[in-house]
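Trainee: fold the following, please.
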Amino acid sequence: MDVLDRRLVAALQVNPRASWGDIGRAVGEHERTVARRLQRLISDGHLRVTAIHDDLRTGHGRPVHLHVQVRPGSTARVAESLAQRPDTRSVYAVTGAADLACELVAPTREAMHDILTSQVSAIEGVLHTRTQVVLHTFRTVAEWHAPFLTEAEVKELTAVAPCEEPQDQDVLSPLEQEIADLLAEDGRMSFTAIAERLDISVPTARKRVASLLDRRLILPRAEMEPVLLGLEVDAILWLAVRPHGLDRVGTTLAGHPGVRYCAATSGTHSVIVQVTVAHEAELYRFLTAVVGPLDDVTDVDVTLITRAYKRGFLRKSGLLTLEKVP
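Mentor: From the prediction side, this is the model:
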């Protein structure tokens, strides 16, 4: 991947449903060049365009983060078992006290109890788990893009944000759920294709998709392993934050270009932050210059992701390795 490839991927991450022509105009490249390069990355399996729900607001599920300690020598086996579960959004091997970090979306609060106390603990090799329940999300992975564009380029690609604050709860109708499922399968699916699959009119498909996006119930996402973009340091930070400072800390960190994900959680560490940068020196500067001045942060636990088995419900093991694309 060269500089242009990375810029085009970043542009698609800013607006995963943008036309090739819109991306070309934003970055100053011909539409045919944009289409050829991005379609090659998609067909090779290095780039996927999908969509994720706002789980809490739609009632689609209850996200929880698990710290999993395993028996020595069983990390890969346990990680694969977790990655095979349809309710796990991400599974990482990490440094630190835990061996694995996993985000799991339980369909209901009742199901969460059985999943955590019976199903996960029954996996061969699991010794201990610690659970952090997501209370509020400041930034999702779908809202992050690689830092290869100018502010003007990002602005040109960014859709106009809705004026109204989103509701705490906004349940999908049956038709909206069917559309959301199709977009999760292919985040760039055309209005015509959606209309044909669901036997509705194209204007109806266009209107319903626009409503889902405007209400931020569905977030299109262009996913690529960060290392392929030259971002070789992927870290998860757990912060202990004073309750009165939660919103300020979360909002501040979510606005940093290196932050892929930021959420408030239950537990001893009340904020989780996933940071993706090119080098350890950048992570150090993030800790000292960005996290350090936040007085409400009382403790930081830093872990590094050594391997991704699953991201955004997409399996990585056996599909994509950490070698750079030639």
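
Trainee: just the helices in this protein please.
Mentor: Listed in chain order, the helices of the chain (DSSP state H) span 3-14, 20-27, 31-43, 55-58, 75-83, 109-114, 151-157, 174-185, 191-198, 202-214, 246-254, 280-285.

Trainee: let me have these in CSV, extended by mean neighbour count and mean pLDDT.
Mentor: Using the backbone N, CA and C atoms, a C-beta is placed for each residue, glycine as well. Formatted as CSV, the helices of the chain follow (neighbours: other Cβ atoms under 10 Å; pLDDT from 0 to 100):
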stretch, mean neighbour count, mean pLDDT
helix 3-14, 22, 97
helix 20-27, 19, 96
helix 31-43, 16, 96
helix 55-58, 18, 87
helix 75-83, 20, 96
helix 109-114, 13, 91
helix 151-157, 15, 95
helix 174-185, 17, 95
helix 191-198, 16, 97
helix 202-214, 17, 95
helix 246-254, 18, 97
helix 280-285, 14, 98
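
Trainee: could you export these as a markdown table, including distance to Lys316?
Mentor: Output for those, formatted as a markdown table (distance: least, Cβ to Cβ, whole Å):
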| stretch | distance to Lys316 |
| --- | --- |
| helix 3-14 | 17 |
| helix 20-27 | 25 |
| helix 31-43 | 16 |
| helix 55-58 | 21 |
| helix 75-83 | 8 |
| helix 109-114 | 25 |
| helix 151-157 | 27 |
| helix 174-185 | 17 |
| helix 191-198 | 27 |
| helix 202-214 | 27 |
| helix 246-254 | 25 |
| helix 280-285 | 22 |
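
Trainee: out of the ones you listed, the one nearest Val133 is which?
Mentor: Among the helices of the chain, helix 109-114 comes nearest to Val133, with 8.0 Å by Cβ to Cβ.

Trainee: show me where pLDDT drops low in the stretch 201-326 of the chain?
Mentor: The stretch 201-326 of the chain contains residues with pLDDT under 70 at 317-326.

Trainee: for Glu124, find the nearest of the helices of the chain.
Mentor: Per Cβ to Cβ, nearest to Glu124 of these: helix 75-83, 7.1 Å.

Trainee: tell me which of the helices of the chain approaches Leu229 most closely.
Mentor: helix 3-14 (5.3 Å).

Trainee: coming back round to it: tell me which of the helices of the chain lies nearest to Asp234.
Mentor: Short answer: helix 280-285, nearest of the helices of the chain by Cβ to Cβ, at 9.5 Å.

Trainee: helices and strands around that closest one, which ones?
Mentor: strand 233-241 (3 or more Cβ pairs under 8 Å, 6 or more residues apart in numbering; DSSP states H and E).

Trainee: give me the angle between the strand it packs on and helix 246-254.
Mentor: Comparing the axes of strand 233-241 and helix 246-254 via axes from the mean of the first three to the mean of the last three Cα atoms, to 10 degrees yields an angle of 160 degrees.

Trainee: the chain should start at 49 in everything you say after this.
Mentor: With the count now opening at 49, the last piece we talked about shows up as strand 281-289.

Trainee: parallel or antiparallel, list what pairs with strand 281-289.
Mentor: The pairing partners recorded for strand 281-289 under DSSP bridges are strand 319-325 (antiparallel), strand 345-359 (antiparallel).

Trainee: among the helices of the chain, which is nearest Pro214?
Mentor: Among the helices of the chain, helix 103-106 sits nearest to Pro214 (Cβ to Cβ), with 6.6 Å.

Trainee: and Asp295, what does it touch?
Mentor: Contacts for Asp295 were tallied using Cβ atoms under 8 Å, 6 or more residues apart in numbering; there are none.

Trainee: report pLDDT for Trp192.
Mentor: Note on Trp192: pLDDT of 95.

Trainee: now the closest residue to it other than its chain neighbours: how far from Gly69?
Mentor: Nearest residue to Trp192, sequence neighbours excluded (Cβ to Cβ, 6 or more residues apart in numbering): Arg308, at 4.3 Å. Look at Arg308 and Gly69: by Cβ to Cβ, to the nearest Å, they are 28 Å apart.
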